[in-house]
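Trainee: what's the 3D shape of this:
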Amino acid sequence: MGDTQPAIREAARQTAPHRRGAVVAALMLSMALAALDSTIVSTAVPQIVGDLGGFSVFSWLFSGYLLAVTVTLPVYGKLSDTFGRKPVLVAGAALFLLGSLLCALAWNMGALIAFRIVQGLGGGALQGTVQTLAADLYPLEERPKIQSKLSTVWAVSAVAGPAIGGVLAAYADWRWIFLVNLPIGAVALWLIVRHLHEPERTSRARDARARVDWAGALAVFACGGVLLTALVQGGVAWPWLSGPSLALFGTGLALAGLVVVIERRAAEPIIPGWVWRRRTIAAVNLALGALGLLMVAPTVFLPTYAQSVLGLGPVTAGFVLSVWTLTWPLSAALSQHVYRRIGFRDTALLGIGTATLILLAFPFLPYPGAAWQPTLLMLLLGAALGLFQLPLIVGVQSTVGWSERGTTTASVLFCRQTGQTIGASVFGAVANGVLAARLGGAGDLDSLARDLDTGTAPEAARRAVADAVHAVYLGASCAAAVAFVVLLVLAPRRFPVRAE
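Mentor: Residues are numbered from 1 along each chain as shown. As a prediction, the model looks like this:
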């Protein structure tokens with residue numbers, strides 16, 4: 001790809017400085033669409049169910065979207081390396097907006113779930129391509145700036161999403177939760193089309209278009225969809241060892257074997273073997289997979305702990321969780337001053353090592369405790385994870401050239417998303433197992449939380465919930481320790497950064 005470098009540098013000059021600013025604004029708007037999606041929808045679930053029905057399957061509003069985003073990430077990563085970032089981002093944004101419009105027009109819960117999956121198909125392109133373009137637009141020394149801006153978008157969305165969703169559901173109509181995406185997305189699309197310039201593809205790149213691994217893309221999509229469905233629904237819709245669960249896992253493993261066969265024969269595989277053969281990329285993939293897993297503990301279980309054990313209201317409980325969105329982007333922005341001195345790996349080790357200790361401290365909080373105690377831990381955890389995640393993303397993107405950056409970024413995000421899916425299943429099983437042991441098999445975490453909210457549950461139930469959440473945090477600390485060991489053993493001390 002050496003013959004493309006002058007063209008790439010010329011394209012970079014065309015997008016800087018004023019055009020680059022417009023493109024960054026478009027990237028932040030695109031990221032906001034993806035970041036707001038789940039948080040803004042969650043607060044309107046009662047109104048949606050009240051209007052459309054389908055309470056027994058409403059969880060697929062989130063699971064379906066998550067599945068579609070996760071399984072399409074590697075496909076979009078490869079396509080962006082082959083066709084360029086701009087067409088993939090434009091197509092993804094258009095598909096996301098189409099899904100949003102269709103969601104607003106949904107006539108029943110089945111239709112809404114199907115249209116949420118359409119949204120997710122576009123959301124996969126938004127997440128992966130935005131992160132890749134951020135690395136394309138900025139040299140290594142400036143990448144922390146754009147990454148911290150994107151982190152801030154996620155932080156603001158985590159806080160603002162539930163509030164916006166609640167206001168729209170209460171004072172307008174839940175359909176506006178999806179319609180509000182349209183003007184935001186339209187502005188982002190206009191900025192991308194007008195201001196983002198990419199180099200003309202070389203003859204080698206044009207030849208690659210004819211060899212796009214569409215069979216591999218379909219196989220990856222099918223395999224990921226089946227396995228993630230098994231993980232999301234296992235222990236919820238059916239028991240883990242039931243017929244549907246075993247059938248899904250068996251089908252998923254068979255499809256995984258098919259993916260390996262197809263990818264080995266493909267001229268331009270969707271998931272090339274070098275993603276796992278290169279130590280740096282493999283180590284970062286595994287470490288960020290562990291990050292996705294450990295993040296389930298605070299994001300899913302802390303609000304229940306705050307309300308059921310500490311006795312806080314929903315708004316205050318949300319604040320206890322959201323404080324980590326204040327320190328995470330701040331720590332990420334400052335991490336460049338650390339990794340320029342000690343390197344990407346050692347900075348990430350410092351962050352995840354600290355996070356391990358913080359997560360391990362949670363089970364030692366007194367019962368019932370005060371709200372400031374978990375709040376302080378969340379502030380510290382956000383700072384530690386900001387120091388962990390951003391150096392790894394910036395570092396791994398800097399080890400590859402333009403033609404491999406989309407695939408590399410997508411593999412990292414795919415592993416993090418998969419970790420979250422696995423974490424939700426594993427930690428859900430852990431929490432319910434502890435509750436069953438403490439209360440003799442009575443109830444699960446959700447039903448007990450409702451009883452505690454109405455003040456009808458006994459004191460033993462509160463203690464059981466505290467023990468269950470403590471067990472989850474202990475598991476999260478183990479996941480953080482695994483990430484630490486993976487980086488220490490697999491990742492090189494100095495990332496093989498390419499000269500720019």
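Trainee: average pLDDT for the helix or strand where residue 423 lies?
Mentor: In the assignment (DSSP states H and E), residue 423 maps to helix 402-439. Across helix 402-439, the average pLDDT comes to 82.
Trainee: give the buried residues for it.
Mentor: By 16 or more other Cβ atoms under 10 Å, the buried positions in helix 402-439 come out as 402-428, 430-432, 434-435, 438-439. All C-beta atoms are positioned from the backbone trio N, CA, C, and that covers glycine.
Trainee: cool, stretch 21-41 as well?
Mentor: 22-41.
Trainee: quick one: mean pLDDT for it?
Mentor: 80.
Trainee: check stretch 124-137 too.
Mentor: On average, stretch 124-137 scores 85.
Trainee: now the helices for the stretch 301-450 of the chain?
Mentor: For the stretch 301-450 of the chain, the helices defined by DSSP state H, counting those that start in this stretch cover 302-308, 314-322, 324-342, 344-361, 372-397, 402-439, 445-454.
Trainee: and the fifth one with helix 324-342, angle?
Mentor: Looking back up the chat, that one is helix 372-397. 50 degrees (axes from the mean of the first three to the mean of the last three Cα atoms, to 10 degrees).
Trainee: chain center to helix 372-397, what's the gap?
Mentor: Per Cα atoms, centre = their mean, to the nearest Å, the displacement of helix 372-397 from the mean C-alpha position of its chain is 15 Å.
Trainee: can you point out the buried residues in that helix?
Mentor: Applying 16+ other Cβ under 10 Å to helix 372-397 flags 374-375, 377-397 as buried.
Trainee: for residue 352, see how far away the nearest residue to residue 356 once chain neighbours are set aside is.
Mentor: The shortest distance from residue 356 to any non-neighbouring residue, by Cβ to Cβ, 6 or more residues apart in numbering, is to residue 480 (4.1 Å). Between residue 480 and residue 352 the distance is 6 Å, computed by Cβ to Cβ, to the nearest Å.
Trainee: just checking, residue 135 touches residue 396?
Mentor: No. In this structure, residue 135 is not within contact of residue 396 by Cβ atoms under 8 Å, at 9.6 Å.
Trainee: what's around the closest residue to residue 466 other than its chain neighbours, how many residues?
Mentor: Leaving aside its sequence neighbours, residue 466 sits nearest to residue 309 (Cβ to Cβ, 6+ apart; 4.7 Å). By the measure other Cβ atoms under 10 Å, the count of residues near residue 309 is 25.
Trainee: ok, residue 75 - contacts?
Mentor: Counting by Cβ atoms under 8 Å, 6 or more residues apart in numbering, residue 75 touches 124, 217, 220-221, 270.
Trainee: could you say which helix or strand contains it?
Mentor: helix 60-83.
Trainee: what pLDDT, on average, does that helix get?
Mentor: 83.
Trainee: so what touches stretch 392-405?
Mentor: 1, 4, 8, 81, 131-132, 135-136, 140, 143-144, 147, 205, 274, 278, 280-281, 284, 287-288, 339, 344-345, 348, 408-409, 412, 495-498.
Trainee: for stretch 109-124, that is, sorry about that
Mentor: 33-34, 37, 48-49, 52-54, 57-58, 60-61, 64-73, 75-76, 91-100, 102-103, 106.
Trainee: list buried residues within the residues you listed.
Mentor: 33-34, 37, 48-49, 52, 54, 57-58, 60-61, 64-73, 75-76, 91-93, 95-100, 102-103, 106.
Trainee: and the closest residue to residue 282 other than its chain neighbours, how many neighbours?
Mentor: In space, and not counting its chain neighbours, residue 282 is closest to residue 276: 5.0 Å by Cβ to Cβ, 6+ apart. Residue 276 is flanked by 13 other residues according to other Cβ under 10 Å.
Trainee: ditto for residue 171
Mentor: Neighbours of residue 171 under the rule other Cβ under 10 Å: 8.
Trainee: what of the one 4 residues further on?
Mentor: For residue 175, the number of neighbouring residues by other Cβ under 10 Å comes to 18.
Trainee: pull up the gap between it and residue 41, please.
Mentor: With Cβ to Cβ as the criterion, residue 175 and residue 41 are 12 Å apart.
Trainee: likewise residue 133?
Mentor: Distance from residue 133 to residue 41, by Cβ to Cβ: 26 Å.
Trainee: residue contacts, residue 497?
Mentor: Per Cβ under 8 Å, 6+ apart, neighbours of residue 497: 140, 395, 398-399.
Trainee: just residue 285 next, same as before
Mentor: Applying Cβ under 8 Å, 6+ apart, the residues near residue 285 are 275-276, 411-412, 415.
Trainee: nearest to residue 194 among those residues?
Mentor: Relative to residue 194, the closest of the contacts of residue 285 is residue 412; by Cβ to Cβ it sits at 29.5 Å.
Trainee: the residue nearest the centre of the chain: what's it in contact with?
Mentor: For the chain, residue 417 is the residue whose C-alpha lies nearest the centre (Cα atoms, centre = their mean; 4.7 Å). Going by Cβ under 8 Å, 6+ apart, residue 417 touches 66, 69-70, 73, 292.
Trainee: can you redo these as TSV with distance to residue 300?
Mentor: Compiled in TSV, these are given as follows (distance: Cβ to Cβ, whole Å):
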residue	distance to residue 300
66	13
69	17
70	17
73	21
292	12
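Trainee: could you point out which of the residues you listed is nearest to residue 463?
Mentor: Nearest member of the contacts of residue 417 to residue 463, counting by Cβ to Cβ, is residue 292, at 29.6 Å.
Trainee: the closest one is in contact with residue 418, isn't it?
Mentor: Yes. With contact defined as Cβ under 8 Å, residue 292 reaches residue 418; the gap is 6.8 Å.
Trainee: give me the buried stretch members for stretch 326-334, please.
Mentor: 327-333.
Trainee: hmm, back to that, distance check, the residue nearest to the centre of the chain against residue 285.
Mentor: 12 Å.
Trainee: repeat that for residue 367.
Mentor: In this view, residue 367 and residue 285 are 38 Å apart by Cβ to Cβ.
Trainee: not counting sequence-adjacent ones, nearest residue to residue 153?
Mentor: Spatially, and ignoring its direct neighbours in sequence, residue 153 is nearest to residue 31 (4.7 Å; Cβ to Cβ, 6+ apart).
Trainee: how about residue 342?
Mentor: residue 350 is the one closest to residue 342 (Cβ to Cβ, 6+ apart), at 7.8 Å.
Trainee: tell me the contacts of residue 300?
Mentor: 424, 427-428.
Trainee: ok but it is inside a helix, no?
Mentor: Yes. The assignment for residue 300 (DSSP: H, G, I helix; E, B strand; the rest coil) places it in a helix.
Trainee: for residue 498, see how far away it is.
Mentor: Taking Cβ to Cβ as the criterion, residue 300 is separated from residue 498 by 38 Å.
Trainee: same thing with residue 403?
Mentor: Distance from residue 403 to residue 498, by Cβ to Cβ: 12 Å.
Trainee: so, low pLDDT: which residues of the stretch 151-300 of the chain?
Mentor: Along the stretch 151-300 of the chain, the model assigns pLDDT under 70 to residues 158-159, 162-163, 166, 199-212, 235-237.
Trainee: now do the helices in it.
Mentor: Using DSSP H, counting those that start in this stretch, helices in the stretch 151-300 of the chain cover 176-179, 181-195, 203-209, 214-233, 243-265, 274-277, 279-296.
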